[in-house]
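# Compute the structure for the input listed below.
(2 chains)
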Amino acid sequence: DAGVIQSPRHEVTEMGQEVTLRCKPISGHNSLFWYRQTMMRGLELLIYFNNNVPIDDSGMPEDRFSAKMPNASFSTLKIQPSEPRDSAVYFCASTPRQGGGVVNTEAFFGQGTRLTVV
Amino acid sequence: EDQVTQSPEALRLQEGESSSLNCSYTVSGLRGLFWYRQDPGKGPEFLFTLYSAGEEKEKERLKATLTKKESFLHITAPKPEDSATYLCAVQAYQGAQKLVFGQGTRLTINP
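Model prediction:
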């Protein structure tokens, strides 16, 4: 398996523009997470999905951020309008289907999208 | 609020010089504690999960241990390729699958 695939790897955009980050989780994984990493705040969970349904979006900083998972193999994180303080590395991660008493499985991370808003 | 504090922020060692990284946590019911390794420009890579105090896990030169308040990542006779940022994260029973990460320890092993 190719692992979690994110695109683009790098994005530079102007303040006020819409930005869409994309993620393809590992096939067969049923949970998907979006994280943001900055020097100041480290890795922060923005939102996660189970079986394509958003479960916890309490980490989404503002209404400018939205995330969708239309099917099991694709998710997007959209920022509209973007601001310079949104500059960060955004990671997508997925975990395998849990069951049979197993509740703690490791998350597999993508390579990240480095977003720069100027 | 669940919190994770890692120390030191950065650690520089000579090749072969053993040491330990610390992860202190406060959580409302620990479901699991995770260690990840992150190389520059890459996503975190899973190393270990620990579930209960007293548990230990090993992988090559790394050994992770867990108490009720903290976890240690011991590195024995490290090599330059062990240089990376090591991240600790906790998962609480009430947080479902949410992971709360520490800021990480940036480890540099000099040859």
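
# Report the contact partners of the residue in chain B that chain A sits nearest to.
Using CB to the nearest CB, the closest approach of chain B to chain A is made by residue B:43 at 3.2 Å. Glycine gets a C-beta too; all of them are placed from N, C-alpha and C. With contact set as CB atoms under 8 Å, 6 or more residues apart in numbering or on different chains, residue B:43 has these partners: A:4, A:91, A:93, A:109, A:110, A:111, A:112.

# Residue B:39 now?
Listed by CB under 8 Å, 6+ apart, the contact set of residue B:39 reads B:45, B:84, B:85.

# pLDDT value on it, please?
Residue B:39 is assigned a predicted lDDT (pLDDT) of 97.

# Now do the SS call for the residue of chain B closest to chain A.
Counting by DSSP: H, G, I helix; E, B strand; the rest coil, the backbone at residue B:43 sits in coil.

# what's the pLDDT at residue B:28?
86.

# actually residue B:50, sorry about that
In the prediction, the pLDDT value recorded for residue B:50 is 94.

# which ones are touching the closest residue to it other than its chain neighbours?
Here the nearest residue to residue B:50 in space, its sequence neighbours aside, is residue B:66; by CB to CB, 6 or more residues apart in numbering or on different chains that works out to 4.1 Å. Neighbour list for residue B:66: B:33, B:50, B:51, B:52, B:53, B:54, B:55, B:56 [criterion: CB under 8 Å, 6+ apart].

# Give the bridge partners for the closest residue to the fourth one other than its chain neighbours, please.
This means residue B:52. For residue B:52, the nearest residue in space outside its immediate sequence neighbours is residue B:66; the separation is 7.1 Å by CB to CB, 6+ apart. With DSSP bridges as the criterion, residue B:66 is bridged to residue B:71.

# And the pLDDT for the spatially most central residue of chain A?
With the centre of chain A defined as its mean C-alpha position, the nearest residue by CA atoms, centre = their mean is residue A:34, 2.5 Å away. In the prediction, the pLDDT value recorded for residue A:34 is 97.
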